[in-house]
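sharing a sequence plus its predicted fold:
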Amino acid sequence: MASKDPSFSRTIYDLRYTSLQTSISFPEVPMSALTEYPDEYLLPEVRQLVAKYSGLSQENVMLTCGAAEAIDLIAKWSAHRTSVVLVPVIYLIPEAIQRACGRTPLMLLWSEVRAAGIHKAIDALSNGAADMMLWLVSPNNPTGEFLDAPTLELLTRNNKLWIVIDEAYYELSGWTASEKVIDTTNLIVIRTFSKGFGISGARCGYILSNPYIVREIQKLREPFRVSGVGLHYVRHALLNRTQYKDLWRKVLATRDCISTILQGANVNVVASAGNFITVRLSTEPVARELVKKCSAIGINLLGGWDREFVGLPPEHIRLAIREPFDSENFSQLFLESYDATLKTL
């Protein structure tokens with residue numbers, strides 16, 4: 001987020017987190033959102049809206065208290081299975097599996113998948129375990145990779161494998177596996193309203209899967225987990241989602257402009273399908289010094305060593321584009337810090 005710091009008369013670029021900053025207005029919350037139990041008040045209507053938005057039926061949808069609860073419930077439901085997580089990835093998924101299973105999941109690098117193919121890479125890691133749960137984010141945070149259609153088709157045809165795909169950045173990437181849940185029995189999709197819709201405080205996400213899996217996971221949750229206030233904001237966002245399209249377009253244009261400028265200055269930028277840019281530096285000390293110099297001029301970034309990430313080499317840093325801003329001004333400031341870092345080390 002770009003804002004003015006009156007103390008220093010400078011622009012502050014807070015690029016640490018990926019939830020969008022939106023100026024879209026929301027109506028006042030009605031008293032019924034506070035006085036009525038949400039499962040009987042708004043949840044059925046919002047579930048129907050989510051189903052329509054996803055091109056599925058209500059039986060394919062389960063609303064959750066953010067994507068975090070969705071991840072936690074799926075981890076509990078699959079605790080007896082061997083979990084494999086594609087990394088680098090955000091910390092939420094491995095931690096949820098650790099809590100549910102009492103053990104650390106197996107970690108599989110995206111680079112190994114690209115080199116060996118998904119099934120060979122999984123078999124080599126898991127020693128041919130018969131019942132596995134593969135977790136991935138697509139497009140991936142922080143590296144921006146996404147699952148291609150042929151690989152997705154191969155995965156869903158494997159009757160020994162369950163697949164969980166976190167589509168937190170669906171609104172920005174347009175990539176989805178949701179249509180596959182209609183005719184598959186081993187696929188679970190997770191989405192959130194925190195990123196593309198920018199209402200992370202509403203704490204609302206959802207699961208898309210076949211009706212049997214939805215019913216089984218539903219058995220594990222406590223009642224009234226999604227707040228009426230949160231559902232009120234989600235309802236408004238879905239009914240007015242066309243207002244977001246211009247924001248999504250401008251955010252992606254900002255990302256692309258910055259990527260182009262940095263690449264033109266020989267900065268190693270990792271291609272991304274999300275609203276973020278990952279930069280690969282030569283060493284961890286160089287990355288840490290660059291983050292330090294950027295912070296000194298009001299640019300806040302996350303490095304590969306941050307708790308946010310699991311499996312991201314520490315010589316990487318991530319720049320999250322939360323709203324449109326002056327790409328050229330930002331890039332100039334970043335490159336000045338980049339050049340100063342290279343001269344220092």
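It's in.

could you list the low-confidence segments of the protein?
1-11, 124-130 (pLDDT under 70).

please enumerate the helices of it.
Remark: helices assigned in the chain by DSSP state H are 32-35, 38-41, 43-54, 66-77, 92-101, 110-116, 118-126, 149-156, 170-173, 211-218, 228-239, 244-264, 284-296, 327-344.

elements contacting the fourth one?
Yep, that's helix 66-77 we're talking about. strand 61-64, helix 92-101, strand 161-166, strand 187-192, strand 205-209, helix 211-218 (3 or more C-beta pairs under 8 Å, 6 or more residues apart in numbering; DSSP states H and E). Quick note: C-beta positions are derived from backbone N, CA and C, even for glycine.

mind redoing it with 10 Å?
Here helix 66-77 touches strand 61-64, helix 92-101, strand 132-137, strand 161-166, strand 187-192, strand 205-209, helix 211-218, going by 3 or more C-beta pairs under 10 Å, 6 or more residues apart in numbering; DSSP states H and E.

now it against strand 187-192, angle please.
150 degrees (axes from the mean of the first three to the mean of the last three C-alpha atoms, to 10 degrees).

coming back round to it: turn the helices and strands packed on helix 66-77 into TSV, including distance to Ala320 and mean neighbour count.
Below are the helices and strands packed on helix 66-77 laid out as TSV (distance: least, C-beta to C-beta, whole Å; neighbours: other C-beta atoms under 10 Å):
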stretch	distance to Ala320	mean neighbour count
strand 61-64	23	24
helix 92-101	16	20
strand 132-137	14	24
strand 161-166	16	24
strand 187-192	15	26
strand 205-209	19	26
helix 211-218	30	15
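
nearest to Ser111 among those would be which one?
Nearest of the helices and strands packed on helix 66-77 to Ser111, taken as C-beta to C-beta: strand 132-137 at 13.5 Å.

indicate each strand paired with the closest one and its parallel or antiparallel sense.
strand 82-87 (parallel), strand 161-166 (parallel) (DSSP bridges).

save the ones you listed as CSV, and put in distance to Thr341 too.
Supplementary listing: those in CSV, determined by distance: least, C-beta to C-beta, whole Å:
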stretch, distance to Thr341
strand 82-87, 27
strand 161-166, 33
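
and of the helices of the chain, who's closest to Ser83?
Of the helices of the chain, nearest to Ser83 by C-beta to C-beta is helix 92-101, at 4.9 Å.

Glu315: which of the helices of the chain is closest?
Nearest to Glu315, of the helices of the chain and by C-beta to C-beta, is helix 284-296 at 4.9 Å.

mind giving me the packing neighbours of that closest one?
Using 3+ C-beta pairs under 10 Å, 6+ apart: helix 284-296 touches strand 276-280, strand 299-300, strand 302-303, strand 316-320, helix 327-344.

how about the helices of the chain in TSV, adding distance to Tyr13?
Compiled in TSV, the helices of the chain are given as follows (distance: least, C-beta to C-beta, whole Å):
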stretch	distance to Tyr13
helix 32-35	35
helix 38-41	37
helix 43-54	32
helix 66-77	26
helix 92-101	25
helix 110-116	28
helix 118-126	37
helix 149-156	35
helix 170-173	19
helix 211-218	39
helix 228-239	26
helix 244-264	11
helix 284-296	8
helix 327-344	6
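
looking at the ones you listed, which is nearest to Ile24?
Of the helices of the chain, nearest to Ile24 by C-beta to C-beta is helix 244-264, at 6.9 Å.

identify each buried residue in the closest one, please.
By 16 or more other C-beta atoms under 10 Å, the buried positions in helix 244-264 come out as 244, 247-248, 251-252, 254-255, 257-259, 261-262.

and for stretch 116-123?
Going by 16+ other C-beta under 10 Å, stretch 116-123 has these buried residues: 118, 121-122.

Asn266: which of those is nearest?
So of those, ranked by how close each gets to Asn266 (C-beta to C-beta), first place is Ala121, at 31.7 Å.

which other residues reach stretch 47-58?
42, 44, 59-63, 167, 170, 176, 178-179, 181-182, 189, 191, 193, 204-211, 214, 226, 231, 234-235, 237-239, 241 (C-beta atoms under 10 Å, 6 or more residues apart in numbering).

just give the nearest non-adjacent residue to Val286, would you?
Counting by C-beta to C-beta, 6 or more residues apart in numbering, Leu345 is the residue found nearest to Val286 once chain neighbours are left out, at 5.5 Å.

now that neighbour: how far from Cys204?
44 Å (C-beta to C-beta, to the nearest Å).

between those two, which one's more packed in?
Under the neighbour definition other C-beta atoms under 10 Å, Leu345 and Cys204 were set side by side, and Cys204 has more, 30 against 13.
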